[in-house]
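Student: Show me the folded form of this:
(one chain, ligands or ions: 2)
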Amino acid sequence: MNNVNASNNHPVFISIVGASCSGKTALARNIAKRFSGSQVSVISEDNYYKRQDQLTPEQRVSINYDHPSAFDHDLLLEHIAKLSKGESIDCPTYDYSLHNRSETTVEVQATPVIICEGIMLYQAEVLRNLFALKLFVDTPLDICLARRIGRDVSERNRSVESVLTQYQDTVRPMYLEFIEPSKYYADIILPMGGHNEIALDVLSSKITQLVNR
Ligand SMILES: Nc1ncnc2c1ncn2[C@@H]1O[C@H](COP(=O)(O)OP(=O)(O)O)[C@@H](O)[C@H]1O
Ligand SMILES: Nc1ccn([C@@H]2O[C@H](COP(=O)(O)O)[C@@H](O)[C@H]2O)c(=O)n1
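Tutor: Ligands and ions are numbered 1, 2, ... in the order given. Presented below is the predicted three-dimensional model:
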């Protein structure tokens, strides 16, 4: 179990980028488990998808959710700025079955370590520069797709057919255009995600060093 010095009120921000279902969330959770108590918070970029209240449910389905413009990065930047000052935030939450932000928010405290995970976090320099450690989970796309079919059908209220159509129309092409090239901004590229014990040992000791310095 790693311990970080919580007396300094300025969190260290760590980012995890990779394809949808590459294992970003699993990696973030496994890093958090290596630290005691509530020293690590995880923020998902998905919670910062733009509100789509003005659109009908049919129109919302056809949005390209794999383009950088689908996200409200200004709000994410605002929240990171608040957390940096030691203030808590009301993090939005997202409802995939409605393709819209939910009404509820979740309070996130300015813990010593804050992990942000998402597909488009390395697109804008202003956001990239805020992360002390940038990770990229490099999982083969066929494995990501197999996982995505299982997850979206069981957890996101989708049919297999809709997952496959969306994959061919936007998920795969946008991965190749935006996400894959952004791996070159990463400090560390992790093959196959977050169940690699040696990678978790190395990452947690580096994160401890970043916080305690
Ligand atoms: N290394 C792994 N081996 C097997 N299944 C995994 C692995 N990592 C993640 N998964 C599964 O794949 C799905 C997507 O993982 P998740 O971490 O949520 O991906 P992401 O956050 O990149 O979209 C989940 O159902 C999760 O349990
Ligand atoms: N209404 C929405 C919003 C997003 N998506 C998909 O989510 C993926 C990103 O989230 P991960 O947890 O998988 O990284 C992205 O590929 C979007 O296509 C969606 O299907 N519907």
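
Student: distance between the ends of stretch 170-183?
Tutor: The straight-line separation of the ends of stretch 170-183 (Cα to Cα, to the nearest Å) is 19 Å.

Student: looking only at pLDDT, what's the mean for it?
Tutor: On average, the pLDDT along stretch 170-183 is 98.

Student: interface residues of the chain facing ligand 1?
Tutor: Residues of the chain that fall close to ligand 1, judged by Cβ under 6 Å from any ligand atom: Gly18, Ser20, Cys21, Ser22, Gly23, Lys24, Thr25, Ala26, Arg147, Arg151, Gly193, His195. In this view, the C-beta of every residue, glycine as well, is placed from N, C-alpha and C.

Student: wait, the first one sits on Lys134?
Tutor: By that I understand Gly18. No: Gly18 is not in contact with Lys134 according to Cβ atoms under 8 Å; the separation is 11.4 Å.

Student: Those two: who's more crowded?
Tutor: Gly18 (28 against 22; other Cβ atoms under 10 Å).

Student: Just give me the neighbour total for Pro92.
Tutor: Neighbour tally, Pro92, other Cβ under 10 Å: 21.

Student: ok, the closest residue to it other than its chain neighbours - how many residues close by?
Tutor: Distances taken as Cβ to Cβ, 6 or more residues apart in numbering put Asn47 closest to Pro92, at 4.8 Å, once the chain neighbours are dropped. Residues lying near Asn47 (other Cβ under 10 Å) number 21.

Student: So Asn47 belongs to a helix, correct?
Tutor: Yes: checked against DSSP: H, G, I helix; E, B strand; the rest coil, Asn47 lies within a helix.

Student: Pretty sure Asp90 is one of the things it touches, is it not?
Tutor: No: the pair Asn47 / Asp90 is not scored as a contact, 10.8 Å apart, by Cβ under 8 Å.

Student: re the thing from before, report pLDDT for the residue nearest to Pro92.
Tutor: 98.

Student: picking up where we left off before, what is the most widely separated pair among the residues of the chain next to ligand 1?
Tutor: The distance between the two most remote of these (Cβ to Cβ) is 17.8 Å, for Ser20 and His195.

Student: ok, the two, which is more surrounded?
Tutor: Taking other Cβ under 10 Å, Ser20 and His195 do not tie; Ser20 has more neighbours (24 against 11).

Student: what's the more buried one in contact with, if anything?
Tutor: Asp66, Ile119, Cys144, Arg148, Val171, Tyr175 (Cβ atoms under 8 Å, 6 or more residues apart in numbering).

Student: roughly how far apart are the closest residue to Arg128 other than its chain neighbours and His195?
Tutor: Take Arg128 and drop its neighbours on the chain: the residue closest to it by Cβ to Cβ, 6+ apart is Tyr122, 5.2 Å away. The gap separating Tyr122 from His195 is 23 Å, by Cβ to Cβ, to the nearest Å.

Student: same deal with Arg34?
Tutor: On the measure of Cβ to Cβ, Arg34 and His195 end up 13 Å apart.

Student: OK, contacts around Ser182?
Tutor: Residues in contact with Ser182 (Cβ under 8 Å, 6+ apart) are Val17, Tyr122, Gln123, Phe136.

Student: With just CA atoms, put stretch 79-93 into CSV.
Tutor: Taking C-alpha atoms only, stretch 79-93 is exported to CSV below (Å, rounded to 0.1, in the frame of the first residue of the first chain):
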residue,chain,number,x,y,z
HIS,A,79,-13.0,21.8,-12.6
ILE,A,80,-9.4,20.9,-12.8
ALA,A,81,-8.5,24.6,-12.0
LYS,A,82,-10.8,24.4,-8.9
LEU,A,83,-9.3,21.1,-7.7
SER,A,84,-5.8,22.5,-8.2
LYS,A,85,-6.7,25.2,-5.7
GLY,A,86,-7.8,22.6,-3.2
GLU,A,87,-11.5,23.1,-3.8
SER,A,88,-14.0,20.3,-4.4
ILE,A,89,-16.2,20.1,-7.5
ASP,A,90,-19.6,18.9,-8.4
CYS,A,91,-18.7,16.5,-11.2
PRO,A,92,-21.5,15.9,-13.8
THR,A,93,-22.6,12.3,-14.4
